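Participant: sharing a sequence plus its predicted fold:
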Amino acid sequence: MQEDTVDSDADRRSFLTRLSVGLAGLIGAVISLPPIGYVLSPLVRKPPRKWRDVGSLEQFPMGETKLVQFQDASSTAWAGDTAKTGAWLRRTGESEFIAFSVNCRHLGCPVRWIKDAKLFMCPCHGGVYYQDGEVAAGPPPEALARYPVRVVDGNVEIETSPIPLTTNDVA
Ligand code: FES
């Protein structure tokens with residue numbers, strides 16, 4: 001009789017131990033899923049792309065290369081000034097434009113258009129690009145990225161995408 005009670009106590013203890021471990025594991029999984037999802041979501045989420053109005057056609061004289069600013073497609077509501085990005089926009093025809101990314105293909109520093117030299121220069125490590133965006137000198141591994149451009153109702157629009165540092169970043 002006493003042996004039955006001991007067995008029953010051991011069974012109950014064993015059951016409760018397994019139940020506690022199981023519940024702790026379940027609670028741990030429920031608590032850790034949201035942070036894991038947050039950390040891994042950029043790997044599966046497609047980067048956002050949006051068309052941004054950068055000005056009317058008249059603001060861009062033929063052949064000139066002008067700096068335009070617009071809001072990054074992936075910016076958050078609280079990003080403030082950090083949400084701003086830019087492009088060097090050149091008008092090449094009545095409704096044709098080229099929008100070069102301002103970000104150097106080496107490490108992303110903003111490049112400057114030097115009108116007289118017809119070159120884009122990067123201040124960080126001496127990267128130089130020809131006027132068509134191809135690399136002229138320095139460490140940049142490839143040409144400046146370009147954004148798609150369109151004209152809608154007399155306004156020029158640029159399709160934004162995450163800051164491109166490699167060829168794969170801009171489709
Ligand atoms: S970031 Fe432009 S040359 Fe290094």
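Facilitator: Received it, and whenever you're ready, just let me know what you need. Numbers count the residues shown, from 1 in each chain.
Participant: so where's the chain shaky on pLDDT?
Facilitator: Residues of the chain meeting the criterion pLDDT under 70: 1-4, 42, 163-171.
Participant: near the ligand, which residues of it are found?
Facilitator: Residues of the chain lying near the ligand by C-beta under 6 Å from any ligand atom: 104, 106-107, 109, 122, 124-125, 127, 138-140. Where C-beta positions appear, they are placed from N, C-alpha and C, glycine not excepted.
Participant: make TSV out of those and add neighbour count, secondary structure and distance to residue 15.
Facilitator: Output for the residues of the chain next to the ligand, formatted as TSV (neighbours: other C-beta atoms under 10 Å; DSSP: H, G, I helix; E, B strand; the rest coil; distance: C-beta to C-beta, whole Å):
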residue	neighbour count	secondary structure	distance to residue 15
104	24	coil	65
106	19	coil	63
107	13	coil	60
109	15	coil	64
122	24	coil	68
124	14	coil	65
125	12	coil	66
127	23	coil	68
138	15	coil	70
139	14	coil	66
140	24	coil	66
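Participant: would you list these in JSON lines and tack on distance to residue 87?
Facilitator: Formatted as JSON lines, the residues of the chain next to the ligand follow (distance: C-beta to C-beta, whole Å):
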{"residue": "104", "distance to residue 87": "13"}
{"residue": "106", "distance to residue 87": "18"}
{"residue": "107", "distance to residue 87": "18"}
{"residue": "109", "distance to residue 87": "15"}
{"residue": "122", "distance to residue 87": "15"}
{"residue": "124", "distance to residue 87": "18"}
{"residue": "125", "distance to residue 87": "21"}
{"residue": "127", "distance to residue 87": "17"}
{"residue": "138", "distance to residue 87": "21"}
{"residue": "139", "distance to residue 87": "22"}
{"residue": "140", "distance to residue 87": "17"}
